[in-house]
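Student: output the structure for:
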Amino acid sequence: MPERTAVVLAGGRSTRFGDEDKAVADLAGRPMIRRVVDRLTPVVDAVVVNCRAAQRGAIATALDDVAVTVSFAEDDYPDEGPMAGMATGLRAVEGEYAFVVACDMPFVDSGFVGYLFDRAAGHDAAVPRPEQWFETTHAVYRAAAMAEACEAALAEGEERIVAPLFDLEFVVVDADEVRDHGTPHTFENCNTPEDFVDAARRLEEGS
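Tutor: Numbering: from 1, shown residues only. The predicted structure follows:
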């Protein structure tokens, strides 16, 4: 059974990106989701991709021959938002803890992810809060507990992705810890074609 799993959320419609699926769009020579997964392979044993059924083939191709086991957790009811995707992905996790990350975070810092796993041990979650907001799609959760909390929040009509946290016993990873164990760039995402151009430039420069 995998000790550490990554759940990659890829089911969003990426409306700000245009008609192309952002998850598999080319970013400096590699599909973006492949860049995310490659960065995570040093610190996880398995990857679960949450996506829509129509995305699965292209994502599977993008992740062919990665260094860890990849499985899929397809959305039964697409377009219900990241909380629903998180619940679906976490239900497919075999181990106790999982790092949840959006597929559009190509600068994710594996060392910091490892630190989040360490901080989560014995708790339901370790969630960064580098500034005012919790980074809920860049956090480690006890998979079953967070899946249940998400499902309960959805059943109540809650839309705020932070809401399930408050049903958990979690630790906050604050700005000082982010600075000491990672980099703020780990939270950056790519939402628009302009973001892709900037990220590609930085990746090609070795950022």
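
Student: phi, psi of Asn50?
Tutor: For Asn50, the backbone dihedrals (degrees, to the nearest 10) come out as phi -90, psi 120.

Student: give the rounded mean pLDDT of stretch 92-106.
Tutor: Mean pLDDT, stretch 92-106: 96.

Student: for the protein, what spans make up the strands?
Tutor: Secondary structure of the chain, counting by DSSP state E: strands at 4-9, 26-27, 30-31, 46-51, 69-74, 97-102, 125-129, 138-142, 170-174.

Student: worst average pLDDT in these?
Tutor: Among the strands of the chain, strand 26-27 scores lowest, with a mean of 90.

Student: so, low pLDDT: which residues of this protein?
Tutor: Scanning the chain for pLDDT under 70 picks out 1, 13-19, 77-78, 207.

Student: any idea how far Ala58 is from the most centrally placed residue in it?
Tutor: Compute the mean C-alpha point of the chain, and by C-alpha atoms, centre = their mean the closest residue is Val101, 1.0 Å away. Using C-beta to C-beta, to the nearest Å, Val101 is found at 19 Å from Ala58. (Each C-beta comes from the backbone N, C-alpha and C, glycine too.)

Student: next one: Val7
Tutor: Val7 sits 19 Å away from Ala58, taking C-beta to C-beta as the criterion.

Student: these two: which is more packed in?
Tutor: Shown here are Val7 and Ala58; by other C-beta atoms under 10 Å, Val7 has more neighbours (29 against 16).

Student: my guess is the more buried one meets Tyr97, correct?
Tutor: No. Assessed by C-beta atoms under 8 Å, Val7 is found out of contact with Tyr97, at 10.5 Å.

Student: how about the helices in this structure?
Tutor: Remark: helices assigned in the chain by DSSP state H are 32-40, 56-62, 82-91, 110-120, 143-155, 175-181, 193-204.

Student: any idea how far the second one is from the middle of the chain?
Tutor: Between the mean C-alpha location of helix 56-62 and the chain-wide mean there is a distance of 17 Å, by C-alpha atoms, centre = their mean, to the nearest Å.
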